[in-house]
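**Q** Just need the structure, nothing else, for what follows:
(2 chains)
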Amino acid sequence: MKTIALLGQPNSGKSTLFNALTGSHQHVGNWPGKTVERAEGYFTYGEDLFRVVDLPGSYGLTANSAEEVVTRNFVEHGNADIVCIIVDASQLERSLYMLADFAGIERPVMLVLNMMDVAEQKGKKIDVQKIQSLLNIPVLGFTASNLEGYSKFFETLKNAIEKPAKISSAKIREMSESSPVVALEELLDGLDFGNREKFWIVSKLLENDALVCAEVKAAVKPELWREIQNVLDAEDSNGGLITGEAKYRFISETLREVTAASEKTAKLSRFDKIATHRIWGKFVAFFILVITLAVSMTIAVPIIMGCFGLQGVVEPLVNNVLGSWPAVASFVNSVVVGGLAVTVAMVGFVFAILVTFGLMEDTGYLARSSYVFDSWLSRLGLHGKAFMPLVSGLACTGGAVCGTRVLDTRGQRLFAMVLLWSIPCGSKVAVVLFLASVFFGSAAPLFGIVYVALIFASFWLSAKLFGRKLVPVDERVGMIMELPPYHKPHWKILMKTVGRNTREVFKKAIIVIWLISFVFWVLSYSRDGLVAHSLLYRIGNFIEPFTQIFGMRWQLFISYIGGIFSKEASLGVMSVVFSSSSDAFSLIARNEAGANLGEMMRAAVSLPEALAFIFASMFNIPCVLAMGTTYRETHSLKWMLAIAGYYFAISLGLAFIVYHIALWVL
Amino acid sequence: MCLSEMKENQKGLIQKINGDSRFVSRVVSMGLPPSSPFLVLQNDGRSPVLLYSHDTMIAINRKECAQIDVEMA
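**A** Below is the predicted model of the structure:
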């Protein structure tokens, strides 16, 4: 088996190539011990099996972020048989920086000039053969989004592996000949750096690259390191300018003879003028987001309706067949069928979010929305790209969690998920406002205002607790972002990728949802459907002295627990526990509030208790689907439980504070 | 002068990037090493500056623009 490492800048089409090559034979996890996502896949060509490692996208190879450290380590020390560098042919000069930064690492390499079709449309002529002879490595010009053109890719790949070719840094060295370079080379004389040329090490020293600095420091005597340090200190950050300029000179020399372009003056398109406008741009983003969510709902609602409709048909059937074993029938209906229905229904929304977000990313619009919102989100340490997923959390937390894929680093994604859990979806808002209006009537809108303020306060808290760890402050740089040109969406690849991801989300989510449904079912099952005979009642009563600290009697506490399953379930649970109605008690019933729930509650629950419950509901764990998708997207049970624990603590903490203040005031 | 002082539709050349090596490496790898020609596409005095260089549209925060010395071309 041969291993191919895919290396390329963001927007170079690297993931399109990766997805087209590996299809459904891929695995996404985490690099051991790192908060960096690791994507790996397999494909066969002829009789050979190939492993593809999709390295995290970065603009260069200097190890400044966790992603770049992973990429560098793999490129330098990993077990790749070939490194495949993907560049955007329509932005060749800038894109080739990755190749120039790689030059000097003695590993077999091939170069893929992707998006040749776009380059052609732009009027660029690129002589691929000539680039190949100038660089002396296999070079392929193709279009990754065109699934018919892959035979050429496989051929080039095969040749590249059979006749390995490396790219040297000699030319870049010539162009950066300067006193610090010469001085450092002399100081490093006689040292061996394995598969990296000495100039490459020198240039990374000049760029103050953490990995190379540590490596050289460990390899030389302290006196020598001091001398090296003196040279570097004299240059300060200029070192990176010397090498950077040389790398681009190397690129433009190479390209001088091989490309021809009709000179066009760049201009902002009419749409971009509005889309990047300080004020109008925000309106456009909101407008597109509203349309996006409307489209998502249009896709999702029929699936959701169909699902619960089907559940309504299946349940009596199950009761019929398993009538003589009521416990089994209840288990099948609540856990197996109910869990499946909830999952399929909600996965409809995940699918819709993935399609619409994929489209926004594919067409290049997402970068525009990031541009106009970056100043808001950078205060939290997030990239402007987080805007769309965060706002779509208002529609569905679980779906929006999948939408965080648009973020580039795993730290950013995890942090965005933490924030997302505090953003209420439609159902949560409805439940909170319903309860507020039951107890406080016309003062209910006040709760809306307090709620919004609390959400921002929770952002602040999360930024303090998680933000610094997940998005290290010294890695935050103000926005320097590429706004990629608009593209036509690649429907075929998009739908394939979305389909596969939706299946993956489903597989992980259903496990979590079934597990939690099962636990909830066990807790709430009783032979006769009476609350008092359920396990939860006994536990609830047992811990009531404790939960009362938070202002929750057992009825309220188990309603709160029901709210973890879904927001509607907390009302359903309440309808049962506060009434003597004949409804069977279940934590996972998707009941709406009973007809006279308001009246019953006003009679049974005191105002301080109601306040405690309302505030606890605001920051309660969103729902079982959010837990499922978070588990799938973080690839880590630990992280999902950590986030759940965090919100469990916040919501109870808030209930505690509110309850005791209310007891004192009212 | 610094990048944010450039007006819309003016052409310029990057002269020097001031800042720590992390910042320099970021700007260089995005395609703006010294002596790169560029065109200012948008500079409204408040939002990040939009410029065009090496076939790419790049947005740079105003604070970061102040760290990039340029000359008119």
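**Q** How about residue A:506: what's its closest non-neighbour residue?
**A** Distances taken as CB to CB, 6 or more residues apart in numbering or on different chains put residue A:347 closest to residue A:506, at 4.9 Å, once the chain neighbours are dropped. (Glycine included, C-beta is placed from N, CA and C.)
**Q** so is that neighbour in a helix, a strand, or just coil?
**A** helix (DSSP: H, G, I helix; E, B strand; the rest coil).
**Q** Report the separation between it and residue A:39.
**A** 21 Å (CB to CB, to the nearest Å).
**Q** These two: which has the busier surroundings?
**A** residue A:347 (27 against 18; other CB atoms under 10 Å in any protein chain shown).
**Q** now for the host helix or strand of residue A:659, which elements pack on it?
**A** Here residue A:659 sits within helix A:637-665, counting by DSSP states H and E. If you count contacts as 3 or more CB pairs under 8 Å, 6 or more residues apart in numbering or on different chains; DSSP states H and E, helix A:637-665 packs onto helix A:410-420, helix A:444-462, helix A:607-618, helix A:624-634.
**Q** Show me which residues of that helix are buried.
**A** For helix A:637-665, burial by neighbour count (16 or more other CB atoms under 10 Å in any protein chain shown) applies to A:639-640, A:643-644, A:646-648, A:650-652, A:654-656, A:658-659, A:662.
**Q** Pull the residues that contact the longest helix anywhere in chain B.
**A** If you go by DSSP state H, chain B has its longest helix at helix B:21-29. Applying CB atoms under 8 Å, 6 or more residues apart in numbering or on different chains, the external contacts of helix B:21-29 come out as A:58-60, A:62, A:64, A:97, A:101, A:207-208, A:236-237, A:239-241, A:244, A:474, A:477, A:480, B:17, B:33, B:64, B:67-68.
**Q** can you give me the offset of it from its chain's centre?
**A** 12 Å (CA atoms, centre = their mean, to the nearest Å).
**Q** helices and strands around whichever helix or strand comes after it, which ones?
**A** Sequence order places strand B:37-42 as the next helix or strand after helix B:21-29, per DSSP H and E. Contacts defined by 3+ CB pairs under 8 Å, 6+ apart place strand B:37-42 against strand B:11-17, strand B:49-53.
**Q** Deepest-packed of these, please.
**A** strand B:49-53 (a mean of 22; mean count of other CB atoms under 10 Å in any protein chain shown).
**Q** Show me what from chain B comes close to chain A.
**A** Within chain B, the residues that sit near chain A (CB under 8 Å from any CB of the partner chain) are B:16-31, B:33-36, B:39, B:41-42, B:44, B:46-48, B:50, B:52-61, B:63-64.
**Q** Could you tell me which of these count as buried?
**A** B:17, B:19, B:21-31, B:33-34, B:36, B:39, B:41-42, B:47-48, B:50, B:52-61, B:64.
**Q** can I assume residue A:276 is in contact with residue A:371?
**A** Yes. Using CB atoms under 8 Å, residue A:276 makes contact with residue A:371 at a distance of 5.6 Å.
**Q** so what's in contact with the two at the same time?
**A** A:483, B:47, B:50, B:59.
**Q** Which members of those are the farthest-apart pair?
**A** Across these, the longest distance by CB to CB is 12.5 Å; it joins A:483 and B:47.
**Q** shared neighbours, those two?
**A** In contact with both residue A:483 and residue B:47: A:276, A:371, using CB under 8 Å, 6+ apart.
**Q** show me the contacts for the residue in the stretch 401-550 of chain A that chain B sits nearest to.
**A** Chain B sits closest to residue A:478 of the stretch 401-550 of chain A, with a gap of 3.6 Å, by CB to the nearest CB. Counting by CB under 8 Å, 6+ apart, residue A:478 makes contact with A:378, B:60, B:61, B:63, B:64.
**Q** what does residue A:646 give?
**A** Per CB under 8 Å, 6+ apart, neighbours of residue A:646: A:418, A:462, A:465.
**Q** Extract the C-alpha set from stretch A:105-112 and format it as CSV.
**A** Provided in CSV are the C-alpha atoms of stretch A:105-112 (Å, rounded to 0.1, in the frame of the first residue of the first chain):
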residue,chain,number,x,y,z
ILE,A,105,12.4,18.7,1.9
GLU,A,106,13.8,15.6,0.2
ARG,A,107,10.6,13.7,-0.4
PRO,A,108,9.1,12.5,-3.6
VAL,A,109,6.6,15.1,-4.7
MET,A,110,4.1,15.8,-7.4
LEU,A,111,2.4,19.0,-8.3
VAL,A,112,-1.3,19.2,-9.2
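**Q** Now the phi/psi pair for the residue sitting nearest the centre point of chain B, please.
**A** For chain B, residue B:3 is the residue whose C-alpha lies nearest the centre (CA atoms, centre = their mean; 5.0 Å). Residue B:3 adopts backbone torsions of phi -60, psi -40, taken as degrees, to the nearest 10.
**Q** Surely it and residue B:59 touch.
**A** No. Taking CB under 8 Å as the definition, residue B:3 is not a contact partner of residue B:59, at 11.7 Å.
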